[in-house]
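Asks: Just the structure for this:
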Amino acid sequence: MMDPCPFVRLIIESLSLKLPLTTNSVASATGIHSSATPCYCKLRIKNFPPQTALIPLSQDTPPEHSNSNSLSVNFQLDPAALRRLQNKPVVLTVSVYTGRMGRSCGFSGGKLLGRVGVVVNIDGSVTKPVVFQNGWMKLGNEPAASLHLKVRTEPDPRFLFQFGGEPECSPVVFQIQGNIRQPVFSCKFSADRNSRSRSLPSDFTMHNINRGWMTTFSNGKEKPGRERKGWMIVVHDLSGSSIAAASMITPFVPCQGSDRVSRSNPGAWLILRPHGASISNWKPWGRLEAWRERGPVDGLGYKFELVTNSGMTSGIPISEGTMNIKKGGKFCIDETLKDSRASPLSNIKGFVMSSTVEGEGKASKPMVQVGVQHVTCMADAALFIALSAAIDLSMDACMLFSRKLRKEFLQDEQDFLS
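Replies: Modelled structure (predicted):
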């Protein structure tokens with residue numbers, strides 16, 4: 001495996017606001033009530049999407065000693081951004097507003113209180129943490145108003161992979177390092193309706209598969225084409241050994257009277273790793289559920305859990321969300337995200353992985369990033385490749401049943417009709 005690619009996280013944390021005491025008359029005129037008015041800030045860096053965060057008012061506890069997890073804002077700097085910013089200091093602008101976030105009737109919901117700027121020089125941040133600001137800053141022209149913030153960077157190196165084709169086409173997976181693309185894995189996709197016995201861990205028994213972890217593949221009443229099941233993708237290393245897999249254990253079926261997979265009855269995958277010497281033995285590592293969300297534009301809903309050592313009766317939530325069916329999106333396991341759904345029991349810290357997903361009907365070659373601290377060997381990376389394939393294939397599995405899948409997915413239906 002080649003060296004990882006340089007990534008850097010720019011972190012803004014320990015946010016706190018100190019406002020002057022106001023009289024009733026001044027408060028009425030300015031809209032600033034130091035004890036009750038909600039405050040928030042917008043953080044901007046040129047060529048990056050702006051971010052927002054709530055700011056608490058200063059208390060007796062110094063902000064650097066308080067619990068600031070919910071107040072942290074992160075900008076992810078990839079290799080292209082690092083090259084662009086090399087030897088070019090940039091300014092982080094923090095604009096502070098009073099009032100509520102959002103817009104109402106076309107107007108901004110907050111009143112600008114002031115701005116501060118922090119100069120950030122990325123040079124040197126690739127190899128070591130750097131602190132650019134840690135303390136109070138005067139907030140514009142507002143008398144006695146000040147903002148506390150800590151601005152720092154952390155190296156966040158990641159392995160970068162890309163599928164050479166769509167997962168259902170059994171592609172090669174390349175590792176990318178700069179301009180170098182090196183094959184590291186191969187994938188084998190199958191859509192075999194009769195693959196249940198070989199695709200599940202050999203030690204699975206019905207007494208430890210309950211609470212909805214798995215449903216049977218068929219009750220004998222489904223009509224051909226009204227369920228999508230038996231899909232499996234196996235990841236091989238360059239020697240041809242199977243080192244990870246994603247197996248569809250709960251079929252994707254439309255809810256009654258509809259042509260869509262509902263949240264109340266999602267399809268599910270197991271992400272598997274080899275168990276023991278036999279290549280037919282697998283051990284579950286994670287479980288991915290997926291369904292189709294209704295909305296002005298439909299969404300692909302998903303939920304990923306780690307399987308615990310206690311077996312299949314419980315899981316640790318890691319990631320949950322929805323991505324646009326038409327535009328696609330990015331599947332992430334990242335504790336630094338504001339909407340992270342990772343359970344405290346997962347012990348996840350920082351960035352774990354991300355994978356791109358193209359919109360429905362578009363050719364997809366997932367780009368996968370994996371944090372260095374989560375890869376100790378090729379088999380570890382292969383698990384994330386299998387998970388990325390499963391979320392990408394779920395976009396097809398959740399396609400409306402009134403639409404026809406491409407031929408790579410129809411092997412099971414052809415076998416069923418033959």
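
Asks: contacting residues for residue 405?
Replies: 228, 396, 399 (CB atoms under 8 Å, 6 or more residues apart in numbering). In this view, the C-beta of every residue, glycine as well, is placed from N, C-alpha and C.

Asks: ok, of those residues, which one's closest to residue 356?
Replies: The nearest member of the contacts of residue 405 to residue 356, counting by CB to CB, is residue 396 at 15.3 Å.

Asks: Wasn't that closest one part of a strand?
Replies: No. With the criterion set as DSSP: H, G, I helix; E, B strand; the rest coil, the secondary structure at residue 396 is helix rather than a strand.

Asks: how close does it sit to residue 353?
Replies: Taking CB to CB, to the nearest Å as the criterion, residue 396 is separated from residue 353 by 21 Å.

Asks: Of those two, give the one with the bigger neighbour count.
Replies: For residue 396 versus residue 353, neighbours defined as other CB atoms under 10 Å are more numerous around residue 353 (24 against 20).

Asks: Can you list the buried residues in stretch 49-56?
Replies: Buried residues in stretch 49-56, counting neighbours by 16 or more other CB atoms under 10 Å, are found at 53, 55.

Asks: quick one: contacts of it?
Replies: Surrounding stretch 49-56, the residues in contact under the criterion CB under 8 Å, 6+ apart are 12, 15-17, 38-44, 70-71, 73, 75, 96, 101, 147, 338.

Asks: pLDDT on stretch 91-104, on average?
Replies: The pLDDT scores in stretch 91-104 average 82.

Asks: before we move on, what about stretch 348-360?
Replies: Per-residue pLDDT values across stretch 348-360 average out to 92.

Asks: Then stretch 272-285?
Replies: In this model, stretch 272-285 has an average pLDDT of 81.

Asks: Quote the end-to-end distance of it.
Replies: Stretch 272-285 has its terminal residues 5 Å apart, counting by CA to CA, to the nearest Å.

Asks: what's the distance between that stretch and the middle of its chain?
Replies: Stretch 272-285 has its C-alpha centroid displaced from the chain centroid by 26 Å (CA atoms, centre = their mean, to the nearest Å).

Asks: Give the buried residues for it.
Replies: 272, 273, 274, 282, 284, 285.

Asks: show me where this structure has helices.
Replies: Along the chain, counting by DSSP state H, helices occupy 24-30, 79-85, 196-199, 378-397, 411-417.

Asks: In CSV, list the C-alpha atoms belonging to the second one.
Replies: It stands for helix 79-85. Taking Å, rounded to 0.1, in the frame of the first residue of the first chain, the C-alpha atoms of helix 79-85 are listed here in CSV:
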residue,chain,number,x,y,z
PRO,A,79,-4.6,17.9,-1.2
ALA,A,80,-5.9,20.3,-3.9
ALA,A,81,-6.8,22.9,-1.3
LEU,A,82,-3.4,22.5,0.4
ARG,A,83,-1.6,23.1,-2.9
ARG,A,84,-3.8,26.1,-3.6
LEU,A,85,-3.1,27.6,-0.1
